[in-house]
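*Asks:* okay, predicted coordinates and the sequence, questions at the end:
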Amino acid sequence: MTSRPAGNKPAALIIGGGASGLAAACILSANKVPFTLLEKENKPGRKLLATGNGRCNLLNFGPPAFFGDSGFAHSVLRRCGSDEVARFFEGLGLNIFEEELGRAYPTTRQAASVLDCLLAGIDAGGCGQLLTGSRVDRLTRAGGQWVAHCGQESHQAPRVVVASGGPAAPKLGGDDGMVRVLESLGQPATPFSPSLCALTTQAGPIRGLAGQRVYARLWLYHGDSPVDAAAGELLYTQEGLSGLCAMQLARAAQEGLQAGLPVSVGVDLSPLLNTCPVHMGRLDPHQQDPDSAQAALALLRARAQALGQRRMYTGLLPRALADKVARLPIPQAAAWLTALRLRVTGTRGFDHAQVAAGGLDCAWFEPHSLRSRLLDGLYACGEALNVDGDTGGFNLLFAWASGILAARDIVQDFKSM
Ligand SMILES: Cc1cc2nc3c(=O)[nH]c(=O)nc-3n(C[C@H](O)[C@H](O)[C@H](O)COP(=O)(O)OP(=O)(O)OC[C@H]3O[C@@H](n4cnc5c(N)ncnc54)[C@H](O)[C@@H]3O)c2cc1C
């Protein structure tokens, strides 16, 4: 807990001590604007510590890749883009390096460094109070103040920043309660659904492969129409498919299932066979490679001739996959390896999602300030808004940028009084 001098009333409440709330708190702190941050967990930044497998892919320098109210996300990033967010962190003492595809990480390769820098930045100002174990369950207005009710306690200030995130990963703090509170106050919202989430599929064709990781290209179909595609690391699970490229298809899978369409995923292991380049990220679903089955067939025939039927998969496929196709005639094996189609039955839900689609409708917020157009003195930022980004650092980028802009507006407002 950081301390604010006694008698210094908060100019703002921040609800949520995750990425966007902590970024907002740093800006207020640097500008000596007194605030109280309310976090329901017993520590701030729990989800942040788990990001990027503990390495924190904290932003992306590439072109923006957002869904939901994506135009709003672009407007926010035009005002506070990746370069500016990087400078914000450098100002906090964090060194950042850029990997492939514009992904940026702390040079320490530890998410804990990101959290430590944010907490040090908040502490440095000496004007903020960070209260943990403080779940806000109600917001009311009284005498020009916002009152946040946490059980028996309440806190008030003329401005409130809702930085409470979405319901993905509830074990790490994910929760949609605050968005529901805002809905009850008249702020419209789109229902949340899991995005960037493992898929559940029919089990039979991939039985025995759970735990196996490979490079793959995946196509998601609504009926027979390809609607989304991604390439990268694929992880077979007991329930279906995971790994980043499968998770990227969850949004489209969910949309198809909600529309009552038959949804399936095509699995092409050409990157594993080395018959196409290993590419990471989204693909154009309409640009399928018509030659992949032929290339696999030619490869398998050549290997059968050179190495014999018994050894043709050795060194080409991981053992579990080799066992799967070993008894198939070569044309069927080539088809299994490049054109397996699995029925998608769902996603693994918020417990297994990294991000939630849906949230507060952005049309009712100003992109330069994150101020509500409906509720005076109320701001929202991060995943609580109807913006979800692709993998690669876009979700955190939006969380930082929107938190920074909201806090800058509060600073201006506070100093003009
Ligand atoms: C396993 C995992 C890995 C990820 N990896 C990456 C990655 O590498 N790069 C990337 O860009 N994104 C990643 N993400 C997504 C990213 O973490 C989120 O998009 C981002 O944290 C959203 O920031 P936020 O501030 O909106 O919400 P959060 O960071 O979720 O913070 C919200 C905070 O509000 C608190 N809260 C909620 N309700 C209340 C309430 N009523 N009262 C008080 N407090 C409340 C929560 O406890 C939480 O601490 C990952 C997510 C997960 C789950």
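*Replies:* On my side now, so go ahead.
*Asks:* got any ranges where the stretch 151-300 of the chain has weak pLDDT?
*Replies:* Across the stretch 151-300 of the chain, not a single residue meets the criterion (pLDDT under 70).
*Asks:* where do the helices sit along it?
*Replies:* Using DSSP state H, counting those that start in this stretch, the helices of the stretch 151-300 of the chain run over 177-184, 244-247, 250-258, 270-273, 292-307.
*Asks:* check the burial of the closest residue to the ligand within the stretch 1-150 of the chain by counting its neighbours.
*Replies:* Here the residue of the stretch 1-150 of the chain nearest the ligand is residue 18; by CB to the nearest ligand atom that distance is 1.7 Å. For every residue, glycine as well, the C-beta is placed using N, CA and C. Here the count is done by other CB atoms under 10 Å, and residue 18 has 26 residues near it.
*Asks:* for residue 328, same thing?
*Replies:* Residues within reach of residue 328, counting by other CB under 10 Å, total 14.
*Asks:* before we move on, what about the one 5 residues further on?
*Replies:* Burial of residue 333 is recorded as 22 neighbouring residues (other CB under 10 Å).
*Asks:* so it makes contact with residue 323?
*Replies:* No: with contacts counted by CB atoms under 8 Å, residue 333 stays clear of residue 323, the gap being 11.8 Å.
*Asks:* would CSV of the helices of the stretch 151-300 of the chain with mean neighbour count be doable?
*Replies:* Formatted as CSV, the helices of the stretch 151-300 of the chain follow (neighbours: other CB atoms under 10 Å):
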stretch, mean neighbour count
helix 177-184, 18
helix 244-247, 26
helix 250-258, 21
helix 270-273, 21
helix 292-307, 16
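*Asks:* to the ligand, which of the ones you listed lies closest?
*Replies:* Of the helices of the stretch 151-300 of the chain, nearest to the ligand by CB to the nearest ligand atom is helix 177-184, at 4.5 Å.
*Asks:* what about the closest one, distance to the chain center?
*Replies:* On the basis of CA atoms, centre = their mean, to the nearest Å, helix 177-184 sits 21 Å off its chain's mean C-alpha point.
*Asks:* for it, packing partners?
*Replies:* strand 138-142, strand 159-162, strand 189-197, strand 353-360 (3 or more CB pairs under 8 Å, 6 or more residues apart in numbering; DSSP states H and E).
*Asks:* swap in 10 Å and give it another go.
*Replies:* strand 138-142, strand 145-150, strand 159-162, strand 189-197, strand 353-360, strand 378-380 (3 or more CB pairs under 10 Å, 6 or more residues apart in numbering; DSSP states H and E).
*Asks:* that helix to strand 353-360, inter-axis angle?
*Replies:* Orientation check (axes from the mean of the first three to the mean of the last three CA atoms, to 10 degrees): helix 177-184 against strand 353-360 gives 10 degrees.
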